[in-house]
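Asks: Predicted model and sequence follow; I will ask about them next.
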Amino acid sequence: MTTLPGPGDAFPAFTLETPDGGTVSLADFKGEKLAVFFYPKDDTPGCTTENKDFSALKDQFAAAGTALLGVSKDPPAKHAKFAAKHDLTVPLASDSEEGGLSDALGIWTEKQNYGRTYMGMVRTTYLVGPDGTIAQVWNKVKVKGHAEAVLAAAAAL
């Protein structure tokens, strides 16, 4: 079993597609803190709440010198509809279907629900320091209060 990246490890370099047809990469955040939250699927109840919570705190994250990025494997066009429907202000990015960032982090994994086995995203958040190393990881996130906990950790970093 491979060891998953954790505090003190370098966050993997990435370039992901954005809903506007552009890309976002780790290098774009060099010298600033970054909270990257991975969520399973656009427009599902927990994922919608999580994105709304981070959007509501976006200005406070900015005041704490921390950029935000929400990531799922949904395509850019779906992210655009999701963001417009819920007035989301947090930037979203699409992870690759195969061999993407979530695969490198070990959070795209086999899941089970009602006896069905499938591949899915484990809701996980990474706080990355200005030097590109992981400062903190939240695994198997419960949405309620999560954005606030990440903000508190970002402000303390």
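Replies: It's in.
Asks: Quick check: Leu34 touching Ala64?
Replies: No. Counting by CB atoms under 8 Å, Leu34 does not reach Ala64; the two are 11.5 Å apart. For glycine as for every other residue, the C-beta is placed from the backbone atoms N, C-alpha and C.
Asks: quick one: low-confidence parts of the chain?
Replies: Scanning the chain for pLDDT under 70 picks out the ranges 1-3.
Asks: Which residue ranges of it form strands?
Replies: 15-17, 23-25, 33-38, 66-72, 92-94, 108-113, 116-121, 124-128, 134-138 (DSSP state E).
Asks: Sort out which residues of the second one are buried, please.
Replies: Applying a neighbour-count criterion of 16 or more other CB atoms under 10 Å, one finds Val24 buried in strand 23-25.
Asks: List the neighbouring strands of that strand plus their orientation.
Replies: In the sheet containing strand 23-25, its partner strands are strand 15-17 (antiparallel), by DSSP bridges.
Asks: And for the partner strand, what's in contact with it?
Replies: The contact list for strand 15-17 (CB atoms under 8 Å, 6 or more residues apart in numbering) reads 23-25, 71, 76, 93-96, 100-101.
Asks: Assess the claim that Pro91 and Thr18 are in contact.
Replies: Yes. Contact criterion CB under 8 Å: Pro91 and Thr18 qualify, at 6.8 Å.
Asks: Can you work out which residues contact both of these two?
Replies: Shared contacts of Pro91 and Thr18, defined by CB under 8 Å, 6+ apart, are found at Val24.
Asks: could you list every residue that touches the most centrally placed residue in the chain?
Replies: Taking CA atoms, centre = their mean as the criterion, Phe37 is the residue nearest the geometric centre of the chain, at 2.0 Å. The contact partners of Phe37, taken as CB under 8 Å, 6+ apart, are 50, 54, 68-71, 123-126, 141, 150.
Asks: Closest one of those to Ile134?
Replies: Set against Ile134, the nearest of those by CB to CB is Tyr126 (5.6 Å).
Asks: Could you give the bridge partners of that closest one?
Replies: Applying DSSP bridges to Tyr126 yields these beta-bridge partners: Val36, Val137.
Asks: close enough to count as contact, it and Thr133?
Replies: No. Taking contacts as CB under 8 Å, Tyr126 lies outside contact range of Thr133: 10.3 Å.
Asks: okay, and the common contacts of these two?
Replies: Between them, Tyr126 and Thr133 share the neighbouring residues Phe11, with contact defined by CB under 8 Å, 6+ apart.
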